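Student: Okay, here's the prediction I keep looking at, along with the sequence it came from:
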Amino acid sequence: MKQAAGLLFSAIKLDRSARQSVSVQLYLALREIILTGGLRAGERLPATRTLAAETGVSRTTAIDAIERLITEGMLVSRVGSGTFVSDTLERQRPHPVAVVPERGAAEKPRLSYTINHAEKSYAPRAWLPHRPRAFITALPALDAFPLAHWSRIAARHLRADRSDVMGYGQPKGFQPLRRAIAMHLSAFKGITCDPEQIFITSGAQQAFSLIGKLLLNAGDRVWMENPGASGARNALLSEGAELVPVDVDPEGLVISDGLAKAPHFRLAFVTPSHQQPLGHVMSLRRRFELLKATEDAQAYVVEDDYDGEFYFGNAPHPALLSIDTAERVFYVGTFSKSLFPSLRLGFVVVPNRVVGAFDQAFMSWVSGPPTSTQATVADFMNEGHFATHIRLMRRLYKARYEALIAAAQPLRGVLDVQETTGGFHTAAYLAPGIDAGAVVAQARDRGVTLTALDRYCLNPISQKGLVLGFGCAAPDDIRGGIEVIRKLPEIERKLV
């Protein structure tokens, strides 16, 4: 046994250039050996001097790793006898999952009817990117974020009273953050609301799910822009909604199409400030049409304002919520685009008539983001950094959009980049006969990320194209990406 243990320990490889300390690496390696049965219950470990020699570490490091395992109960120390693998481990050790022989097709786990039904209509969602490059649509300009200001504020809160930082926090969200959001909406969006109407969520997707959970019964009909936001589509499907694809034109959602397909709808989902993914701004006429249709049907509207802060046109239209006099609009915002995605921080402004229902849900079973994160965002806003950042990003995104338009000019007629007045993505229409799927695949092989317009569609549309993100890529990267697109076989054959 001594020889076997020696072989096990000498096989441990420690990386002194890794972020984890050598002590932590040794602890994890020993833990893995014990859990996988390399050392059985009751077996004695060698002395710490021997362990240190066999693994090439100091005795202090070996003692630290052993003491951590003793604290966890995996090892027991007996005075005068040594250190042994705990006898209780045999009962607690995880057993390998038995492999069930296939009987024809692989058996699926039994899931709820709602999820089984929803899975058939989920929008395909690729893994969301975390490194900027042309033409990713989901990332803001991370290179321009004022991380120094953010780090200073975050450190201040992490040094605050532990009960404030580490406790459960306020159910509907940190009150100073809700007040800061209310002030921001008033100044930037023309929205007048009470902080008590604002609920902090773990991103916009949680807000969509909560709205669906509280308002929808299985099979309730929901107007959905086609093409439209894939994340919201999947969230509402998961709550049992029957999605009704409604056409979109340059004025936004076509209300007459929605009424023809589902006059008795329960919910309408729209992105009026910057239609996802086409980039249109909903006209004022359509906004009033939508509000009237909603009131007639005794329905509600979800206004998703995912990147509305970054309007760089002339005068932005008011938010849909700001002209809603019948209290039918849920306004959903997110800090994933205005700050950065890993915050997982969003909010929803709910009509007064349903504040009580949301209060009950947040008191009973909804959990929000960490208080320290919310407090950091609140101070970031109250100290003026947020407004400054928004103004800088508007100029930056406009410059990057203009770089895209200029770079793509030689491709007109084959790839027509559409005008937009905000955000950090826009649509680009392909000439007839070009396979968007082939373009996406060929670009991916050459290090450029493209997204086909079809991915956002519940029902197929006649116009084929791409969605190009320009926010996270520098102008040189944008120009380089367009040059890659120009040389793609599927594009090049149309240019000659």
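Tutor: The structure has been received and is ready for your questions. Numbering: from 1, shown residues only.
Student: Just the buried residues of the longest strand seen in the chain, please?
Tutor: The residue-count maximum for a strand in the chain (DSSP state E) belongs to strand 242-249. Buried positions in strand 242-249, judged by neighbour count with 16 or more other C-beta atoms under 10 Å: 242, 243, 244, 245, 246, 247, 248. (Glycine included, C-beta is placed from N, CA and C.)
Student: what's the helix or strand just after it in contact with?
Tutor: Of the helices and strands lying after strand 242-249 in sequence (DSSP states H and E), the nearest is strand 252-253. Judged by C-beta atoms under 8 Å, 6 or more residues apart in numbering, the contacts made with strand 252-253 from elsewhere in the structure are 223, 225, 246-247, 268, 270, 272, 275, 280-283, 286-287, 290.
Student: just to revisit the earlier point, could you dump the buried residues of strand 242-249 to TSV with pLDDT?
Tutor: As requested, the buried residues of strand 242-249 are arranged in TSV below (pLDDT from 0 to 100):
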residue	pLDDT
242	94
243	96
244	97
245	97
246	98
247	97
248	97
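Student: quick revisit: could you pick out the buried ones from the contacts of strand 252-253?
Tutor: Buried among the contacts of strand 252-253 (16+ other C-beta under 10 Å): 223, 225, 246-247, 268, 270, 272, 275, 280-282, 286-287, 290.
Student: Out of the contacts of strand 252-253, list just those in helices.
Tutor: Counting by DSSP state H, the contacts of strand 252-253 place 286, 287, 290 in helices.
Student: Can you give me every residue that contacts the second one?
Tutor: It stands for residue 287. Under the criterion of C-beta under 8 Å, 6+ apart, the contact list for residue 287 reads 252, 272, 317, 320, 323.
Student: one more time with 7 Å
Tutor: With C-beta atoms under 7 Å, 6 or more residues apart in numbering as the criterion, the residues that contact residue 287 are 272, 320, 323.
Student: Format the residues you listed as CSV; extra columns: pLDDT and distance to residue 378.
Tutor: As requested, these are arranged in CSV below (pLDDT from 0 to 100; distance: C-beta to C-beta, whole Å):
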residue, pLDDT, distance to residue 378
272, 95, 27
320, 95, 26
323, 94, 28
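Student: any idea how far residue 173 is from residue 346?
Tutor: Summarising the geometry, the distance separating residue 173 from residue 346, computed by C-beta to C-beta, to the nearest Å, is 10 Å.
Student: err, residue 29, not the other one
Tutor: Here the criterion is C-beta to C-beta. By it, residue 29 lies 40 Å from residue 346.
Student: Mind checking which of the two has more residues around it?
Tutor: Neighbours around residue 29 and residue 346, counted as other C-beta atoms under 10 Å, are more numerous at residue 346. The numbers are 23 against 18.
Student: Could you give the bridge partners of that one?
Tutor: Here residue 346 sits in beta bridges with residue 201, residue 334, going by DSSP bridges.
Student: Let me know the pLDDT of it.
Tutor: The pLDDT attached to residue 346 in the predicted structure is 96.
Student: and it, what does it touch?
Tutor: Residue 346 makes contact with 201, 203, 204, 206, 207, 332, 333, 334, 335 under the criterion C-beta under 7 Å, 6+ apart.
Student: ok now do the first one, which residues does it touch?
Tutor: Spelled out, it's residue 201. 207, 210, 346, 347, 348, 368.
Student: my read: the last one touches residue 199, true?
Tutor: If I follow you right, that is residue 368. No. The pair residue 368 and residue 199 fails to qualify as a contact (C-beta atoms under 7 Å) at a distance of 8.1 Å.
Student: hey, what's in contact with both of these two?
Tutor: Residues touching both residue 368 and residue 199 (C-beta under 7 Å, 6+ apart) are residue 173.
Student: quick revisit: most neighbours of all the contacts of residue 201, which one?
Tutor: Each of the contacts of residue 201 was scored by neighbour count (other C-beta under 10 Å); the top score is that of residue 207, with 27 neighbours.
Student: ok, now how distant is the residue lying closest to residue 471 once chain neighbours are set aside from residue 200?
Tutor: In space, and not counting its chain neighbours, residue 471 is closest to residue 424: 2.5 Å by C-beta to C-beta, 6 or more residues apart in numbering. Taking C-beta to C-beta as the measure, residue 424 falls 24 Å from residue 200.
Student: do the same with residue 448
Tutor: For residue 448, the distance to residue 200 under the criterion C-beta to C-beta works out to 36 Å.
Student: In terms of neighbours, single out the busier of the two.
Tutor: residue 200 (28 against 23).
Student: Now do the contacts for that one.
Tutor: Contacts of residue 200 (C-beta under 7 Å, 6+ apart): 172, 173, 174, 177, 178, 347, 368, 369, 374.
Student: who wins for most neighbours among those residues?
Tutor: residue 177 (27 neighbours).
Student: contacting residues around the helix or strand encompassing that one?
Tutor: Secondary-structure assignment from DSSP H and E places residue 177 in helix 175-189. Judged by C-beta under 7 Å, 6+ apart, the contacts made with helix 175-189 from elsewhere in the structure are 191-195, 198, 200, 309, 319, 322, 347, 374, 377-378, 381-382.
Student: quick one on the thing from earlier: mind putting the contacts of residue 201 into TSV with distance to residue 168?
Tutor: Formatted as TSV, the contacts of residue 201 follow (distance: C-beta to C-beta, whole Å):
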residue	distance to residue 168
207	20
210	18
346	19
347	19
348	20
368	9
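Student: Kindly indicate which of those residues lies nearest residue 161.
Tutor: For residue 161, the nearest member of the contacts of residue 201 is residue 368. The distance, counting by C-beta to C-beta, is 19.2 Å.
Student: what's the closest non-adjacent residue to residue 407?
Tutor: Nearest to residue 407 is residue 482, by C-beta to C-beta, 6+ apart, at 4.1 Å.
Student: Does anything pack onto the helix or strand hosting that neighbour? Which helices or strands?
Tutor: Using DSSP H and E, residue 482 maps to helix 475-486. Packing contacts for helix 475-486, counted by 3 or more C-beta pairs under 7 Å, 6 or more residues apart in numbering; DSSP states H and E, involve helix 385-408.
Student: ok, back up a step: just checking, the residue nearest to residue 471 touches residue 470?
Tutor: Yes. Distance between residue 424 and residue 470: 5.8 Å, which falls inside the contact criterion (C-beta under 7 Å).
Student: what about these two, which has more around it?
Tutor: Neighbour tally, residue 424 and residue 470, criterion other C-beta under 10 Å: the higher count belongs to residue 470, 31 against 27.
Student: With respect to per-residue confidence, which of the contacts of residue 200 is lowest?
Tutor: The member of the contacts of residue 200 with the lowest pLDDT is residue 368, at 86.
Student: Which of the three states applies to that residue?
Tutor: Of the three states, residue 368 takes coil according to DSSP: H, G, I helix; E, B strand; the rest coil.
Student: got it, and the one 4 residues further on?
Tutor: Here residue 372 is recorded as helix under three-state DSSP.
Student: Tell me, what's the model's pLDDT at the residue nearest to residue 407?
Tutor: Confidence at residue 482, expressed as pLDDT, is 96.
Student: Please apply the same query to residue 86.
Tutor: Among the per-residue scores, residue 86 holds a pLDDT of 87.
Student: Run a quick neighbour tally on it.
Tutor: Around residue 86 there are 17 residues (other C-beta under 10 Å).
Student: and if you look at residue 487?
Tutor: Residues near residue 487, counting by other C-beta under 10 Å: 12.
Student: show me where pLDDT drops low in this structure?
Tutor: In the predicted model, the chain carries pLDDT under 70 at residues 1-8, 89-108, 113, 120, 124-130, 496.
Student: Pop the domain breakdown of it in here.
Tutor: Here the domain assignment for the chain is 2-92, 117-125+145-386, 393-495, based on automatic domain parsing.
Student: among those, which is nearest residue 134?
Tutor: Judged by C-beta to C-beta, the one of those that comes nearest to residue 134 is domain 393-495, at 3.0 Å.
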